[in-house]
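S.K.: Make a model of this:
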Amino acid sequence: MITPEEIVHEKMFKEDAFSQWLGIKVEEISLGYARLSMTIRSEMLNGFKIAHGGISFSFADSAFAFASNSRGRLSYSIETGINHLEKLMEGDIIFAEAKEEYFNDKLGKYRVEITKDNGDLVALFHGMVYRTKKEWK
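M.R.: This is a model prediction of the structure:
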């Protein structure tokens with residue numbers, strides 16, 4: 001059986017040019033769980049010199065994807081949302097921690113918390129996936 005780490009590293013992240021462009025580092029993967037880190041860069045800033053909301057959304061979405069696929073079945077997002085609580089600036093080091101809240105044969109629900117390296121919560125993301133019958137090989 002393929003491990004959650006192999007699914008994420010060998011099957012998903014290796015082919016994920018956008019997550020690589022973001023500079024994401026996979027810190028930890030287990031069943032229904034992912035922890036990622038990255039640093040906010042100048043090209044991620046909007047006209048107000050704060051991180052564009054799409055950056056934190058995309059970061060959380062990657063953690064969500066890795067956690068939801070870690071059980072070995074190809075899973076696709078069917079609903080997502082985010083609450084931006086604090087601004088992010090160039091140089092901020094952030095972490096996304098995705099935790100499975102529920103899963104069954106067809107669906108999975110996940111919560112992703114994005115925090116700064118000092119522990120401050122900066123965004124809350126939630127997502128639901130459809131779990132296909134196709135297994136990662």
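
S.K.: and Leu36, what pLDDT?
M.R.: Looking at Leu36, its pLDDT reads 97.

S.K.: Let me fix that, I meant to ask about Met1.
M.R.: 69.

S.K.: ranges for the helices of the chain?
M.R.: 4-6, 17-22, 53-69 (DSSP state H).

S.K.: So what touches the second one?
M.R.: Looking back up the chat, that one is helix 17-22. 13, 38, 55, 58-59, 62 (C-beta atoms under 8 Å, 6 or more residues apart in numbering). (Glycine included, C-beta is placed from N, CA and C.)

S.K.: which of those lies closest to Ile7?
M.R.: Phe13 (9.5 Å; C-beta to C-beta).

S.K.: picking up where we left off before, and which of the contacts of helix 17-22 is nearest Leu74?
M.R.: Phe13 (15.0 Å).

S.K.: show me the contacts for that closest one.
M.R.: Counting by C-beta under 8 Å, 6+ apart, Phe13 touches 19-20, 24, 26, 66.

S.K.: The longest strand anywhere in the chain packs against which elements?
M.R.: Across the chain, the longest stretch assigned as strand under DSSP state E is strand 121-135. Packed against strand 121-135, as judged by 3 or more C-beta pairs under 8 Å, 6 or more residues apart in numbering; DSSP states H and E, are the following elements: helix 53-69, strand 73-84, strand 93-103, strand 107-116.

S.K.: The ones you listed into a markdown table, with extra columns for distance to Val122 and mean neighbour count?
M.R.: Listed next are the helices and strands packed on strand 121-135 as a markdown table, based on distance: least, C-beta to C-beta, whole Å; neighbours: other C-beta atoms under 10 Å:
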| stretch | distance to Val122 | mean neighbour count |
| --- | --- | --- |
| helix 53-69 | 7 | 23 |
| strand 73-84 | 7 | 15 |
| strand 93-103 | 7 | 18 |
| strand 107-116 | 5 | 20 |
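
S.K.: JSON lines for these, including mean pLDDT?
M.R.: JSON lines is the format used below for the helices and strands packed on strand 121-135 (pLDDT from 0 to 100):
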{"stretch": "helix 53-69", "mean pLDDT": "97"}
{"stretch": "strand 73-84", "mean pLDDT": "97"}
{"stretch": "strand 93-103", "mean pLDDT": "98"}
{"stretch": "strand 107-116", "mean pLDDT": "98"}
